[in-house]
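Trainee: Just need the structure, nothing else, for what follows:
(one chain, ligands or ions: 1)
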Amino acid sequence: MSKTIYPFIFIVLISVAVNAQKQFTHADTLRGSITPERAWWDVMRYDISVKPDFDKKYTSGFNKISYKVVQQDHPNVMQIDLQQPLVIDSIIYDKKQSLSFSREGDVYHVKTPPQKIESEHEVKIYFSGKPHEAIRAPWDGGWTFAKDEKGRPWMTVTCQGLGASIWYPNKDHQSDEPDHGASLTMRVPKDLMAVANGRMLNKTEHKDGTVSYKWCVENPISNYTIIPYIGYYKNFSEVYTGIKGDLDLNYWVLDYNLEKAKDYMPTEVHNLLNAFEYWFGPYPFYEDGYKLVETEHTGMEHQSNVSYGNWYAGGYRGRDLSGTGLGLTWDFIIIHESGHEWFGNNITTNDLADMYIHESFTNYSETLFLDYVYGEEAANDYNYGTRAGIKNDKPIIPAYDVNAQGSGDMYPKGGNMLHSIRHSMDDDKLFKNVLTGLNITFHNQTVDGSEILEYISEKSGYDYSKVFEQYLTTTKIPKLQLYIDAPNSKMFYKYTNIVDGFNLPLVLKGDEEKIKIIPSSEWQSVDIHHKNQYLFTPWRIERMYYIDVELLDNRD
Ligand SMILES: [Zn+2]
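Mentor: Presented below is the predicted three-dimensional model:
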């Protein structure tokens, strides 16, 4: 099929399937779509400044948004998002002119002077208020005003899905990342340390006993991964020799955990960088370094600034999501959240509905990590074990353009879809080239899921659109039916419970034997003999492919 047609069909099918289910509001559309008031300007840079007051749970600050005009004819109105109860106090255009604005819920319509296409401008937006607080970070979002074990302030923010406008004003849509990076300045009492993305640029002491720490990233960044961490942090660092050269690694942990962290964290981080640079190519942000920062919540994939709250032990706070025991032998948060540096931060989806690109690939990065460190058998066992977490209650892809987030199946089921695709290719070198190629081709870009599908299909020479459609837009598990015609030495096979045209190839392998079949909804057959018949053992197939296998007594 042509380059552009199958993703298009795929999207149409999805829209029809999911939009029937839920009623969305005008506010959802304002939040989740490229409105006319968003379309005409492209964010170039965010320079954010915030002063959190721990006792009052109050924040104030500004975001200076530098942008370029990208449309000739456009409304002289700009949509800025800031969620209640925070409010915008004032807006200054190009350092001199005060702009008027009106509020519609969590959206501000800002009147701007006429501006020419290609011209660059800035708006400095001052805000203040008692911000929304996270109740169960990182699963909901907002500010966390926690206390460490010694009862001292420990603050941060989480806001994936909910959106960065929960704590600072911005253009809150994943498709527009600041091309020239961002800075975050945090003004805090002088005995607290403040850490953010990238590298620390400067520290300024103020007469009132507060200190400002300014941090900066050079790379484009998702606005939901720009995050402050404020607490009694201590730091240690090292240099890792990666495939692009020297990479600065920094660890920021609470002062009383410093010795424990020094013993524990570097080994996990070296293992992850070895494994992921092997499978995915170079760490995407050498310029900004890599950093782990201790948090009270479990963890989040903040770009070059990964949150860590996994208690310095293997598993996911002591649990193994695969049930095999293998998951307890490495730190789930360090591996998974850092995997997002490639899928999520380097490659970011335009629409939250395509979040499976972030989570399915990062879920599968766990299996690939095991493959690198322990070998293929362990990796297959782990991946098979994670299927216990698949619910198949609703499709992975929800509605587009309304900031909707899909089923949690995007993690283990998405990972199992990729596992199936990998084995259907039967060429790990090709599979690795696809993963690395994605990260090079779409470096620092925002994408649609259909572009990722298209790339995988082109690079592998096989159209996987029906495979994506089956696993992402339905809850049906494909079933492979088998029937042995022993007298004639034939194995008959076909798929049921599939979308029209589902065509996942199956490569069935033993130590010396190999059979490749491409089942469809019609019976087909392959010659077998008593030495290779075992390749059709259901468990062998199910371990490599996320399908059910059924042996039939007859072909009716
Ligand atoms: Zn994740």
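Trainee: from here on, contacts and neighbour counts on C-alpha atoms
Mentor: Fine.
Trainee: dump the residue contacts of Asn403.
Mentor: Residues near Asn403 by Cα atoms under 8 Å, 6 or more residues apart in numbering: 28-29, 31-33, 161, 351-353.
Trainee: Please list only the buried members of those.
Mentor: Buried members of the contacts of Asn403, counted by 16 or more other Cα atoms under 10 Å: 31-33, 161, 351-353.
Trainee: Out of the residues you listed, flag the one nearest to Glu259.
Mentor: In terms of Cα to Cα, no member of the buried ones among the contacts of Asn403 lies closer to Glu259 than Gly161, at 34.8 Å.
Trainee: Dump the buried ones among the contacts of Asn403 to a markdown table, plus distance to Gln405.
Mentor: What follows is the buried ones among the contacts of Asn403, written out as a markdown table (distance: Cα to Cα, whole Å):
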| residue | distance to Gln405 |
| --- | --- |
| Arg31 | 13 |
| Gly32 | 11 |
| Ser33 | 14 |
| Gly161 | 7 |
| Asp351 | 9 |
| Leu352 | 6 |
| Ala353 | 5 |
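Trainee: which of those residues lies closest to Tyr316?
Mentor: Gly161 (21.6 Å).
Trainee: Would you confirm that that closest one belongs to a strand?
Mentor: No - looking at Gly161 with DSSP: H, G, I helix; E, B strand; the rest coil, it is coil, so not inside a strand.
Trainee: Now do the contacts for Phe468.
Mentor: 417, 453.
Trainee: In three-state terms, label it for me.
Mentor: helix.
Trainee: For the remainder of this discussion, apply numbering that starts at 19.
Mentor: Fine by me, first position is 19 from now on; the one you just mentioned is Phe486.
Trainee: That one and Glu305: what is the separation?
Mentor: 35 Å (Cα to Cα, to the nearest Å).
Trainee: those helices in this protein, which residues are they?
Mentor: 23-37, 44-50, 54-57, 276-298, 350-357, 374-392, 394-403, 430-443, 446-459, 467-478, 483-491, 556-562 (DSSP state H).
Trainee: Check the ones you listed for me and report the most buried one.
Mentor: helix 350-357 (a mean of 26; mean count of other Cα atoms under 10 Å).
Trainee: orientation of that helix relative to helix 374-392 in degrees?
Mentor: With axes from the mean of the first three to the mean of the last three Cα atoms, to 10 degrees applied, the angle from helix 350-357 to helix 374-392 works out at 120 degrees.
Trainee: Could you give the average pLDDT over helix 350-357?
Mentor: Mean per-residue pLDDT for helix 350-357: 97.
Trainee: Next up, the contacts around the nearest residue to Thr385 once chain neighbours are set aside.
Mentor: Using Cα to Cα, 6 or more residues apart in numbering and skipping the chain neighbours, the partner closest in space to Thr385 is Ala397 (5.0 Å). For Ala397, the contact set (Cα under 8 Å, 6+ apart) comprises 385-389.
Trainee: which one of the residues you listed sits closest to Arg170?
Mentor: Out of these, the member with the shortest distance to Arg170 (by Cα to Cα) is Phe387, at 36.6 Å.
Trainee: Now do the closest one against Ile439, distance only.
Mentor: 17 Å.
Trainee: Same check on Asn253?
Mentor: For Asn253, the distance to Ile439 - Cα to Cα - is 42 Å.
Trainee: How about Asp349?
Mentor: Look at Asp349 and Ile439: by Cα to Cα, they are 26 Å apart.
Trainee: And the strands in the stretch 19-168 of the chain?
Mentor: 59-71, 76-87, 95-99, 105-111, 115-116, 119-122, 125-129, 138-147, 160-165 (DSSP state E, counting those that start in this stretch).
Trainee: Quick one: list the elements packing against the shortest one.
Mentor: Spelled out, it's strand 115-116. strand 105-111 (3 or more Cα pairs under 8 Å, 6 or more residues apart in numbering; DSSP states H and E).
Trainee: was I right about Met562 contacting Glu395?
Mentor: No - when contacts are counted by Cα atoms under 8 Å, Met562 is not listed as touching Glu395 (10.6 Å).
Trainee: ok, for Lys189, nearest residue in space, not its chain neighbours?
Mentor: Ile98 (5.5 Å).
Trainee: could you measure the one you found against Arg56, distance?
Mentor: 8 Å.
Trainee: contacting residues for Val567?
Mentor: Val567 touches 497-500, 556-557, 559-560, counting by Cα under 8 Å, 6+ apart.
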